[in-house]
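Undergrad: need a structure here:
(one chain, ligands or ions: 1)
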Amino acid sequence: MSDAIRRIIIAGGGTAGWMCAAALRKGLGRTVELVLIESEDIGTVGVGEATIPPIRKFLEHVGIDELDFIRETEASFKLGIEFAGWGTPDSRYFHGFGDFGAVHEAVRPYQLWRLLREAGDETPLEAWSLPAALAKAGKFFPPNPDPRSPMHDYAYAYHFDAGLFARFLRRHCEAQGVKRINAKIDAVQLRPADGFIEALTLDNGTSEAADFFIDCTGFRGLLIEEALKAGFEDWSHWLPADRAWAVPTAHHTGAGITPFTTSTAHAAGWQWRIPLQHRTGNGHVFASAFMDEETARDVLLHHLEGKALKDPMLIRFTTGRRPHPWTKNCVAVGLSSGFLEPLESTSINLIQSGIAQFLELFPSRQAEAVLRREYNRQMSLSYERVRDFIILHYKLNTRSEPLWRYCADMPIPDTLAHKIELFSVRGDVVSYDWDHFAEPSWIAVMNGQGVVSRFTDPLAQRLPLESVRALMAQRRDVLAQVVRQLPAHADFIAHHCPSP
Ligand code: FAD
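TA: All right, here's what the predicted structure looks like:
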């Protein structure tokens, strides 16, 4: 009998479950039977609405048309994140999805900015960023693929309604032959010989067997933890936030559908604002050791711009990751594999990486130990890179409240300490394997959080100051010209992605 996997069960139908179904169907074709089991009575976590640019590759890869997706999920475009109050309470900076303009062939834009700053120029670095300029003007247009175009060096992602996204993916997958069962999984049957999962017992009295199982059951990790006891590594000492209140609001006439997410720091956490076409998503992520739940709820309600559409929902979580997300014949993807707060909108991207790596290392029915080890090594690195990027924001804050003082004083992972130290000296960014964010992102956040490197790159020092001034002034003129010509974000959506 062939050792090939013939049947896979995906347990859970949230964003992770349906993304897995779509990607596995695309990657494996019809050679493998795919079954997704979800319980409408349990439901999904229902948040997770902001993304980073690689989501576009996912949609393209599984064959989803961008305009259909935008219409069906009430999506808007995202050029980056505005951070308010992350340094001092009145500070503000923008992490845009793009570089700061390759105006010189040999010297990086950060070094040119540093040179001008040394000469007394107070212009912020983000003045050279096209996504930041577009965001500030509330405008949007997709980048131009021609590298000579001034509209080339940026990217974009989306904000979307998580519930509508799961439903949209479900329709797509069912049309491609993925079988869906609406039932509650009551028990996980293990094979006595080796502890592999054999079948799932459902509350409708049936039992579903498979060769391989994907655990997308959310925080609970029904297969990976409750049955296989894979273990969890707690990272709360680095990222103490452990709760979030979430609430949607009606659109407010003020800021409207901004083409960016906003993250506003508060006394014991931070608040997100995610604009969609039909409403705005809001939430307050906070550390319960520094603020009680009721106060945190009041903070959220006090800072809402529009009318709350329902009562806020409380979500409790533990930050950390599963060191062995692939255990036996089961891979955990999504919240069942770990959780990092949504400060840089990375969870859906980690789902995407998890599925892509699994397909790269697709096993036989034996679920070979070496493939498991390699998958777990890669996903561990992925989680650590994202973890470091998120800790960076907390570590470099200059706020005075107890949570922020704790974070400024706490020891941090060596990988991150090295990155900050290197940047502080000469503005260099070391890139590690499996970094989810490229150099401009690290520069945007380090610079935004107030780190200014001590020296300028020697190459930059050799440039005549006047020529650098002229280059940067020219960059700003080009940006202003480009931004003037482009449509407002809401008009772009209305014109290019009209509702049927
Ligand atoms: P869930 O949505 O919890 O789905 C679990 C599924 O398992 C459900 O279908 C449920 O019915 C099923 N299930 C569970 N138990 C059983 C059972 N016994 N029988 C049958 N079925 C069962 N990510 C981002 O990328 N960007 C963001 O902006 C973002 N914001 C977030 C904000 C917060 C506060 C939180 C907590 C998370 C956020 N995330 C964000 C993460 C994102 O929400 C998740 O990564 C994503 O929704 C995937 O969730 P999931 O599918 O793993 O789990």
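Undergrad: How about the stretch 301-450 of the chain: which residue is closest to the ligand?
TA: The stretch 301-450 of the chain approaches the ligand most closely through Gly334 (2.4 Å), counting by C-beta to the nearest ligand atom. Any C-beta I mention is one placed from the backbone N, CA and C, and that applies to glycine too.
Undergrad: So that residue sits against Trp18, correct?
TA: No. The pair Gly334 and Trp18 fails to qualify as a contact (C-beta atoms under 8 Å) at a distance of 10.1 Å.
Undergrad: What strands line up against the helix or strand Leu200 falls within, and which way round?
TA: Leu200 is part of strand 197-202, with elements assigned from DSSP states H and E. Looking at strand 197-202 with DSSP bridges, its partner strands are strand 185-190 (antiparallel), strand 207-209 (antiparallel).
Undergrad: These: which one's closest to the ligand?
TA: Closest to the ligand of the strands paired with strand 197-202 is strand 185-190 (C-beta to the nearest ligand atom; 3.6 Å).
Undergrad: picking up where we left off before, which residue sits closest to the residue of the stretch 301-450 of the chain closest to the ligand, ignoring its sequence neighbours?
TA: Nearest residue to Gly334, sequence neighbours excluded (C-beta to C-beta, 6 or more residues apart in numbering): Ala16, at 2.5 Å.
Undergrad: And the helix or strand containing that neighbour, how far out from the chain middle?
TA: Here Ala16, judged by DSSP H and E, is contained in helix 15-28. What separates the centre of helix 15-28 from the centre of its chain is 18 Å, taken as C-alpha atoms, centre = their mean, to the nearest Å.
Undergrad: What's the end-to-end length of stretch 88-106?
TA: End-to-end distance for stretch 88-106: 35 Å, by C-alpha to C-alpha, to the nearest Å.
Undergrad: ok, now stretch 302-314?
TA: 16 Å.
Undergrad: Run the chain-centre distance for it.
TA: Its chain's C-alpha centre lies 23 Å from the corresponding centre of stretch 302-314 when counted by C-alpha atoms, centre = their mean.
Undergrad: One more: stretch 426-434?
TA: 20 Å.
Undergrad: what's the one helix or strand Trp442 maps to packed up against?
TA: Secondary structure assignment for Trp442, by DSSP H and E: helix 439-448. Using 3 or more C-beta pairs under 8 Å, 6 or more residues apart in numbering; DSSP states H and E, the elements in contact with helix 439-448 are strand 80-84, strand 92-96, helix 369-395, helix 414-426.
Undergrad: How far off centre is the next helix-or-strand element following it?
TA: For helix 439-448, the following helix or strand on the C-terminal side (DSSP H and E) is helix 458-461. Its chain's average C-alpha position is 35 Å from that of helix 458-461, according to C-alpha atoms, centre = their mean.
Undergrad: Need the mean per-residue confidence for helix 458-461.
TA: In this model, helix 458-461 has a mean pLDDT of 91.
Undergrad: buried ones in that helix?
TA: By neighbour count, with 16 or more other C-beta atoms under 10 Å as the criterion, the buried positions of helix 458-461 are Ala460.
Undergrad: Just the CA trace of that helix, in CSV.
TA: Presented in CSV, the C-alpha positions along helix 458-461 are these (Å, rounded to 0.1, in the frame of the first residue of the first chain):
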residue,chain,number,x,y,z
PRO,A,458,31.6,57.0,6.0
LEU,A,459,30.4,56.8,2.4
ALA,A,460,27.7,59.4,3.2
GLN,A,461,30.2,61.6,5.0
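Undergrad: on that earlier part again, tell me the contacts of the residue nearest to Gly334?
TA: Contacts for Ala16 (C-beta atoms under 8 Å, 6 or more residues apart in numbering) come out as Cys216, Gly218, Val333, Gly334, Leu335, Ser336, Ile351.
Undergrad: Redo these as a markdown table? Include pLDDT.
TA: Converted to a markdown table, the contacts of Ala16 look like this (pLDDT from 0 to 100):
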| residue | pLDDT |
| --- | --- |
| Cys216 | 98 |
| Gly218 | 97 |
| Val333 | 98 |
| Gly334 | 98 |
| Leu335 | 98 |
| Ser336 | 98 |
| Ile351 | 98 |
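Undergrad: If you count neighbours, what's buried in stretch 56-73?
TA: For stretch 56-73, the buried set under the neighbour-count rule, 16+ other C-beta under 10 Å, comprises Arg56, Phe58, Leu59, Val62, Ile64, Phe69, Ile70, Arg71, Glu72, Thr73.
Undergrad: And the first one, what's its pLDDT?
TA: The predicted structure scores Arg56 at 97 on the pLDDT scale.
Undergrad: how about it, secondary structure?
TA: Following DSSP: H, G, I helix; E, B strand; the rest coil, Arg56 is assigned to helix.
Undergrad: quick one: it and the ligand, what's the gap?
TA: Counting by C-beta to the nearest ligand atom, to the nearest Å, the separation of Arg56 from the ligand is 14 Å.
Undergrad: how about the nearest residue to the residue positioned nearest the centre of the chain, chain neighbours excluded?
TA: Geometric centre of the chain, nearest residue: Thr346, 1.9 Å, by C-alpha atoms, centre = their mean. Closest residue to Thr346 apart from its sequence neighbours, by C-beta to C-beta, 6+ apart: Val386 at 4.8 Å.
Undergrad: would you turn the contacts of Ala16 into TSV with neighbour count and secondary structure?
TA: Converted to TSV, those look like this (neighbours: other C-beta atoms under 10 Å; DSSP: H, G, I helix; E, B strand; the rest coil):
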residue	neighbour count	secondary structure
Cys216	34	coil
Gly218	20	helix
Val333	28	coil
Gly334	30	helix
Leu335	25	helix
Ser336	29	helix
Ile351	25	helix
